[in-house]
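S.K.: sequence-free structure coming up:
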């Protein structure tokens, strides 16, 4: 008996990340693109836009209808911080499994999605970053936090990214805070003559600085310091293809499991 193909829908299919997801699914055994959702290019064949040739999947604008009409198993969402929460709820309510790469969700929203996932007995996954190297960076930073009392995070993204700080930076600080309650206790009292010049206060009082600049895809540096030394842990995404192995892994995981996961490190 042939194994069931995982029927995947991509929400935000015409965007840079969404287009890469379409390519990745098409070249992965055991899954297929069954629907493409975007507010742009409705009615056009997603294959024509992504690959230059049609393969019979027309772009739709109605996420709920796309899930129900195509018997979707998994929806990968790379859309917009303003719509991701409602999209994720809609996906779960429609009986599909969300893989969320869009950042900007609050802790309260993530907890609400976890509860809805449990109620529906449907798995899902939210990952601030799908790159293996970035996940390792976060894990290394957490390990190093035991040994350093001062830490700051600088994240660099292209100037079309709408949210700041990045989900990766927030997740990194959350993981570091699991090892140390508060950083920078020996810092002197500070006065900012330009508001925000010292960055924003993240979990455990880790300063987070966001840079938005053309030319970057996504980069992050975690700086940890003590007397006489500084440890710098940095990761650079140079091409969006680097996210795709993590996305494919997440699709396979949520298809086979009913847990709701926050962070790719939990399934590596």
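M.R.: That came through, no problem. None of these values were measured; they are calculated from a predicted model. Residues are numbered from 1 along each chain as shown.
S.K.: all contacts plus neighbour counts: C-alpha atoms, from now on.
M.R.: OK.
S.K.: excluding its backbone neighbours, what's nearest residue 30?
M.R.: The shortest distance from residue 30 to any non-neighbouring residue, by C-alpha to C-alpha, 6 or more residues apart in numbering, is to residue 5 (4.9 Å).
S.K.: can you check residue 171 too?
M.R.: Of all residues not flanking residue 171 in the chain, residue 128 sits nearest, at 7.0 Å (C-alpha to C-alpha, 6+ apart).
S.K.: try residue 136
M.R.: Leaving aside its sequence neighbours, residue 136 sits nearest to residue 265 (C-alpha to C-alpha, 6+ apart; 7.8 Å).
S.K.: now do the one you found against residue 139, distance only.
M.R.: Using C-alpha to C-alpha, to the nearest Å, residue 265 is found at 8 Å from residue 139.
S.K.: show me the contacts for residue 205.
M.R.: 182-184 (C-alpha atoms under 8 Å, 6 or more residues apart in numbering).
S.K.: an error on my part: the question was meant for residue 145.
M.R.: Residues counted as contacts of residue 145 (C-alpha under 8 Å, 6+ apart) are 176, 179-180, 224.
S.K.: most widely separated two among these?
M.R.: Maximum pairwise distance among those (C-alpha to C-alpha): 13.4 Å, between 179 and 224.
S.K.: higher neighbour count, those two?
M.R.: Between residue 179 and residue 224, counted using other C-alpha atoms under 10 Å, residue 224 has the larger neighbour count: 21 against 16.
S.K.: the host helix or strand of that one pairs with which strands, and in what direction?
M.R.: Of the helices and strands defined by DSSP states H and E, residue 224 is found in strand 218-226. Each strand paired with strand 218-226, and its direction, by DSSP bridges: strand 150-157 (antiparallel), strand 229-237 (antiparallel).
S.K.: just put those in TSV and tack on distance to residue 189 and mean neighbour count.
M.R.: Converted to TSV, the strands paired with strand 218-226 look like this (distance: least, C-alpha to C-alpha, whole Å; neighbours: other C-alpha atoms under 10 Å):
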stretch	distance to residue 189	mean neighbour count
strand 150-157	15	23
strand 229-237	21	15
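S.K.: I'd like those written out as a markdown table, with mean pLDDT and distance to residue 35 added.
M.R.: A markdown table is the format used below for the strands paired with strand 218-226 (pLDDT from 0 to 100; distance: least, C-alpha to C-alpha, whole Å):
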| stretch | mean pLDDT | distance to residue 35 |
| --- | --- | --- |
| strand 150-157 | 98 | 29 |
| strand 229-237 | 97 | 28 |
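S.K.: turn those into TSV, columns for distance to residue 259.
M.R.: As requested, the strands paired with strand 218-226 are arranged in TSV below (distance: least, C-alpha to C-alpha, whole Å):
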stretch	distance to residue 259
strand 150-157	30
strand 229-237	28
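S.K.: nearest to residue 109, out of those?
M.R.: Nearest of these to residue 109, taken as C-alpha to C-alpha: strand 150-157 at 23.2 Å.
S.K.: and the next element down the chain from that closest one?
M.R.: Sequence-wise, the next helix or strand downstream of strand 150-157 (DSSP H and E) is helix 167-177.
S.K.: which outside residues touch the helix or strand following that next one?
M.R.: Going down the chain from helix 167-177, the next helix or strand is strand 200-201, by DSSP H and E. Contact with strand 200-201 is made by 207-209, as judged by C-alpha under 8 Å, 6+ apart.
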